[in-house]
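Asks: sequence below, structure please.
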Amino acid sequence: MTKIQTFDAVNFWKNAYAHQRGKLLKKLNVKDDQIKELVNKPYVELSSALRYEIETSNIQKTDLG
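Replies: Predicted coordinates for the structure are as follows:
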């Protein structure tokens, strides 16, 4: 059994600028019009499905520079 690697999305979201959040959402194939709405929302207000996708995406903070 392999451990699912999780991304520390809560801290990333809290400390990231909007363009970094947008880059993350773009990597998850979120549509541009949705990205504009989501980048300024607090992390807890994102849908649970999107939060799960972010946390299990295997994206590294270095990918989002």
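
Asks: using CSV, write out the CA atom coordinates for the longest helix along the chain.
Replies: Identified as the longest helix of the chain according to DSSP state H is helix 18-27. Extracted as CSV, the C-alpha positions of helix 18-27 are listed here (Å, rounded to 0.1, in the frame of the first residue of the first chain):
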residue,chain,number,x,y,z
ALA,A,18,-3.4,35.3,-6.7
HIS,A,19,-1.2,34.5,-9.7
GLN,A,20,0.3,31.5,-7.8
ARG,A,21,-3.1,30.3,-6.9
GLY,A,22,-4.2,30.7,-10.5
LYS,A,23,-1.2,28.7,-11.7
LEU,A,24,-2.2,25.9,-9.3
LEU,A,25,-5.8,25.9,-10.5
LYS,A,26,-4.7,26.0,-14.2
LYS,A,27,-2.6,22.8,-13.6
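
Asks: element containing Lys14, please.
Replies: helix 9-15 (DSSP states H and E).

Asks: and the average pLDDT for that helix is what?
Replies: For helix 9-15, the mean pLDDT works out to 90.

Asks: CA atoms only for the helix or strand hosting Tyr52, dumped as PDB, please.
Replies: Using DSSP H and E, Tyr52 falls within helix 48-55. Output in PDB follows, covering the C-alpha atoms of helix 48-55 (Å, rounded to 0.1, in the frame of the first residue of the first chain):
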ATOM      1  CA  SER A  48     -14.500  19.900  -1.100                       C
ATOM      2  CA  ALA A  49     -13.900  18.100  -4.400                       C
ATOM      3  CA  LEU A  50     -11.500  20.800  -5.600                       C
ATOM      4  CA  ARG A  51      -9.700  20.900  -2.200                       C
ATOM      5  CA  TYR A  52      -9.200  17.100  -2.400                       C
ATOM      6  CA  GLU A  53      -7.900  17.400  -6.000                       C
ATOM      7  CA  ILE A  54      -5.400  20.100  -4.900                       C
ATOM      8  CA  GLU A  55      -4.200  18.100  -1.900                       C
END
